[in-house]
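Chemist: take this sequence and fold it.
(chains A and B)
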Amino acid sequence: MQIKLVYSIVLLFLWGNLRAQSVQTPTTPTTLQPSQFPQPPDTIGVNIPDEEKTPIELEEVIVRGDRKRNIQMKSAQNIVRVDKSYIEENFSGSLMQSLEKIPGVRAMTIGSGQSKPAIRGLGFNRMIVTENGIKHEGQQWGEDHGLEIDQFSVDEVEIVKGPGSLLYGSDAIGGAIQLRNNYIPTERTEGNINLYGRSNNESMGVSGQVAGRIDRWYYKVNATYMDYADYKVPTDSIQYYSYYIRLKDRRLRNTAGRDRNAGVTLGFLGKNFRSNLLISNINTRSGFFADAHGLEVRLSDINYDRSFRDIDLPYHSVNHFKLVNNSVWRIGSVTWEGNIAFQKNLREELSEPVSHGYMPVPPNPMERKFDKNTYTATTLLRMPVKDRLSLQGGFSMEHQHNKRGGWGFVIPDFRTTSVGMFVYGRYHISDDLILSTGVRADKVKIHIDSYRDWYETPDEHGNLVHKERAADLRKKFGSFTWSTGLNYQRGEWMLKANIGKSFRAPTPKELGSDGVNYHIFRYERGDYNLQAEEAYQMDMGISWQNSMMTIQWEPFLNYFPNYIYLNPTPEYYEGLQMYHYAQARVIRYGFETDIQLQLTRQFTLGMQSEYLYAEQLSGDKKGYSLPFSPPWSANFSIGYHPGRGFLGTDGDILLEYKVTGSQERIVPPEEKTEGYQLLNLSLGRSWQIRNNAMKLRLQIQNLLNKRYYDHTGFYRLIGIPEPGRNISVMFGFTF
Amino acid sequence: MIRKTLLCLAAVGLLLSCGREDDHDMEKPVIDMSGVSAFPLTCDIVYKGESFTFKAVFTDNGELGNYNIEIHNNFDHHSHSTDDVECEPDEKKTPVNPFVYNESFPIPQGVVSYEAEQSIYIPEDVDTGDYHFMIRLTDKAGWQQLKAVGIKVREQ
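Modeler: Here you go, the predicted model:
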């Protein structure tokens, strides 16, 4: 009730402002492109000027403010778009950490070199990552799963905050992070090389790209190598369950890792037909903190302190292979698009074999192995129907096969097949008012295979049996989702509103698990009768901008009639606390703000903030929040662009002050997390030497070497602080 | 105009931030082994072919759930007690017939304080040496508290 009231007040208030403002503001020139659709899953826009945009040409062509506004007018949803230079300027240990400054976007860190994404507190299977229009498939349900993406290879990132099921089907409840490798080379031979160094985990990285275009054909080849040591924390020991784990040289034992990535793109650019083939392979390996794997503290005979750079047990390694083809064909005003892809994600988790309960000492360190193959095909048709109305329709199919191995059981083998169809229309009532609406139908079929323990356990009669941990199961989920919204702009104001429904099919783990999760030492029981999770979300985006200032406010209200959560019960089973998958009604709301102020030609001020509230409205945990809810945070920055002197014509210095609130609203088994404040400093400049360009950026993160905890981090539950002071250097050379 | 917008944003922010008072359980249950009769404590010795009595006081702010006692060997010195004080371990050795105990016990419904008392028998034929005595306790809300005590099983 209270929430409704607040929103009514807000709406009224802002509408009042809007009306008052619209009377006297002069209209700013806008370049509206009526045939554009929101967040097209392809790499190529519809109209010709947009198509020709390459990151290089862009800088010369378009006035900054208007370009931003054009992107915003493309969709009724809240979208943020950043390019390669943004990633380079904010470069951090992993892609999501580099993007974390974007309000509403979070990196759930797994040590210093890996992280998984979350949008407005929704991560795991509640948001999706796409690369060139294809959903990226790893083991995203897992807490220790990092995103396997080479951040050097990304040319553009577009983040949709809010329901994305219309375009992507299942899982895109919280939104979508769309990555594109859409840079098209302009020269016969060109390329760049980047060198990266980071002091905290003594990381060293090198990445290079060579590309070229010969008439209608082009190619791109890229490779990245990164290696990092155990990261440093500003503490001598870690206290876990009143036990002190002493750290040598303030290093977090065995958190070193390395990445080896490579990719090749071949492309053809015809007059009405274009196509590209991308082959990429990402290979990462990183260690887990040695003294407490999962939630159990363990000592070991391995001499972890021998070297800071080696990767001992426990560690995980992931190899992600991808083959993607994107094609676009234009016949008159009709555009056809087709994407096909194959992904193979092989993930292995290794740890020292130990006995537990009735499980004897396993024969090898292969604790868990997942081999997941995903085949995706999507097709899309776009056409203008009338002057002001354009339509697009799409069809998508995905087949997945996940096979497990190793002595630790978490999820059974499964196969899923999903098909979806959607129609989406956009109607320009006037140049300044656009209405969009779409519907989608999905069908998801899940087939789980039975799994039995490899060792024997006595049953209730005392007979030794190989217990069945997952039963054979076939399930079908159907869903009908929709979305409708509007874009409006008037003078300096812009308003967006969108309401939509999204869904996700339960994961095989949620449906079929029945056993010990050795990672967290708890007994997890799935529920075959879970329904597909649904969510309704209302989003708004209000922005005001003039030549000096941009203010943006993006509130949202989100309701789940049946949120799937893992409920810790007071019961014990086989000596471990029993957790059940259950469904509850959940409400979530919050907002993000972004204010940019151009004080003078030299000085800019910025303020970004985010706030999220979540509450379970029914079930066993009624009144509690949701797990992994990020606390509020605000980021204040001051930028100095002298335009001359040692920083050159385009150099800058940026000082940031980040305040993060405490998280008191937790749910078992979480720990409350105290708030913290951080100072970050960044400076960079570039040089132009004939046709070559050099870039240098220096970042100092956590300048004051503050000890703090990240509420959503993988190591939070065992009380491990985040990395201390860190100096990183990025050097880029473009030829 | 700018000032007005900022004020408006601030007001909305404040309104949204005013959360309700949380009335649900946010506290873990407590395993209290400070009493004179609490048993076993770090380095306590228990004997083969005999029973000993586990004694502790459990409390919670809301309602207690269940508890579990698990005893496993620490012949490989794989881990440690949750106490600051470690007791001097015996030589490392390979288990032959280690003592394994894993039982869960209910706590009467609706109580916030419970004096747990449980007799545990150690068979005659098990290995002597370092063992871990693990106490796990839940409350109704699903919070769990752990306590691990390093004990020794000895020949009588």
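Chemist: residue contacts, the residue nearest to residue A:371 when sequence neighbours are not counted?
Modeler: Nearest residue to residue A:371, sequence neighbours excluded (Cβ to Cβ, 6 or more residues apart in numbering or on different chains): residue A:403, at 4.6 Å. The way it works is simple: take the backbone N, C-alpha and C, and place the C-beta from them, glycine included. Going by Cβ atoms under 8 Å, 6 or more residues apart in numbering or on different chains, residue A:403 touches A:370, A:371, A:372, A:413.
Chemist: ranking those by neighbours, who comes first?
Modeler: Within the contacts of residue A:403, most neighbours by other Cβ atoms under 10 Å in any protein chain shown means residue A:370, with 22 neighbours.
Chemist: for residue A:142, phi and psi?
Modeler: Note on residue A:142: its backbone torsions stand at phi -90, psi 140 [degrees, to the nearest 10].
Chemist: chain neighbours aside, what residue packs nearest to it?
Modeler: Closest to residue A:142 by Cβ to Cβ, 6+ apart is residue A:410, at 7.6 Å.
Chemist: stretch A:141-160 spans what distance, first to last residue?
Modeler: End-to-end span of stretch A:141-160 (Cα to Cα, to the nearest Å): 20 Å.
Chemist: before we move on, back to that, hang on, the residue nearest to residue A:142 packs against residue A:516?
Modeler: No. Residue A:410 is not in contact with residue A:516 according to Cβ atoms under 8 Å; the separation is 9.1 Å.
Chemist: for chain B, which segments count as helices?
Modeler: Applying DSSP state H to chain B gives helices spanning B:2-17.
Chemist: name the residue of it that lies nearest to chain A.
Modeler: Among the residues of chain B, residue B:65 lies closest to chain A, at 2.6 Å counting by Cβ to the nearest Cβ.
Chemist: one step back: which secondary structure element contains the residue nearest to residue A:371?
Modeler: Element membership for residue A:403 (DSSP states H and E) is strand A:389-405.
Chemist: partner strands of that strand and their direction?
Modeler: strand A:366-384 (antiparallel), strand A:414-430 (antiparallel) (DSSP bridges).
Chemist: burial check on the residue lying closest to residue A:549 once chain neighbours are set aside, number of neighbours?
Modeler: Distances taken as Cβ to Cβ, 6+ apart place residue A:597 nearest to residue A:549, at 5.0 Å, with adjacent residues excluded. By other Cβ under 10 Å, 15 other residues sit near residue A:597.
Chemist: ditto for residue A:527
Modeler: Neighbours of residue A:527 (other Cβ under 10 Å): 17.
Chemist: now swap in the one 5 residues further on and tell me
Modeler: Applying the criterion other Cβ under 10 Å, we find 18 residues in the vicinity of residue A:532.
Chemist: one more: the one 4 residues further on?
Modeler: Residue A:536 sits with 16 neighbouring residues when counted by other Cβ under 10 Å.
Chemist: helix/strand/coil for it?
Modeler: strand (DSSP: H, G, I helix; E, B strand; the rest coil).
Chemist: from chain B, how far off is it?
Modeler: 19 Å (Cβ to the nearest Cβ, to the nearest Å).
Chemist: which residue would be the closest one in chain A to chain B?
Modeler: Here the residue of chain A nearest chain B is residue A:570; by Cβ to the nearest Cβ that distance is 2.6 Å.
Chemist: isn't that residue right up against residue B:142?
Modeler: Yes. The pair residue A:570 and residue B:142 qualifies as a contact (Cβ under 8 Å) at a distance of 6.2 Å.
Chemist: common neighbours of those two, please.
Modeler: Counting by Cβ under 8 Å, 6+ apart, the contacts common to residue A:570 and residue B:142 are residue B:65.
Chemist: so what's residue B:100 closest to, chain neighbours aside?
Modeler: In space, residue B:100 is closest to residue B:72, 6.2 Å off (Cβ to Cβ, 6+ apart).
Chemist: check what pLDDT that neighbour gets.
Modeler: Model confidence at residue B:72, given as pLDDT, is 84.
Chemist: and for it, the neighbour number?
Modeler: 21.
Chemist: gap between it and residue A:228?
Modeler: 36 Å (Cβ to Cβ, to the nearest Å).
Chemist: tell me how many other residues crowd residue A:369.
Modeler: 16.
Chemist: before we move on, what about residue A:719?
Modeler: Other residues near residue A:719 number 15, with proximity taken as other Cβ under 10 Å.
Chemist: how about it: what's its closest non-neighbour residue?
Modeler: residue A:240 (5.3 Å).
Chemist: repeat for residue A:456
Modeler: Counting by Cβ to Cβ, 6+ apart, the residue nearest residue A:456 is residue A:464, at 4.0 Å.
Chemist: for residue A:379, same thing?
Modeler: Nearest non-adjacent residue to residue A:379, counting by Cβ to Cβ, 6+ apart: residue A:338, 4.9 Å away.
Chemist: helix or strand for that neighbour, which one?
Modeler: strand A:334-350.
Chemist: what pairs with that strand, and is each one parallel or antiparallel?
Modeler: Strand A:334-350 has its sheet partners listed here by DSSP bridges as strand A:315-331 (antiparallel), strand A:366-384 (antiparallel).
Chemist: grab the nearest non-local neighbour of residue A:396.
Modeler: The shortest distance from residue A:396 to any non-neighbouring residue, by Cβ to Cβ, 6+ apart, is to residue A:378 (4.0 Å).
Chemist: who does the one you found bridge with?
Modeler: residue A:339, residue A:396.
Chemist: wouldn't it be in contact with residue A:132 here?
Modeler: No. Judged on Cβ under 8 Å, residue A:378 makes no contact with residue A:132 at a distance of 10.9 Å.
Chemist: related to what we said a few turns ago, wouldn't the residue nearest to residue A:456 be in contact with residue A:458 here?
Modeler: Yes. With contact defined as Cβ under 8 Å, residue A:464 counts as touching residue A:458 (5.7 Å).
Chemist: residues bridging contact with the two, i.e. touching both?
Modeler: Common neighbours of residue A:464 and residue A:458, using Cβ under 8 Å, 6+ apart, do not exist here.
Chemist: buried residues, stretch A:208-219. List them.
Modeler: Neighbour-count burial for stretch A:208-219, counted by 16 or more other Cβ atoms under 10 Å in any protein chain shown, picks out A:208, A:209, A:210, A:211, A:212, A:213, A:218, A:219.
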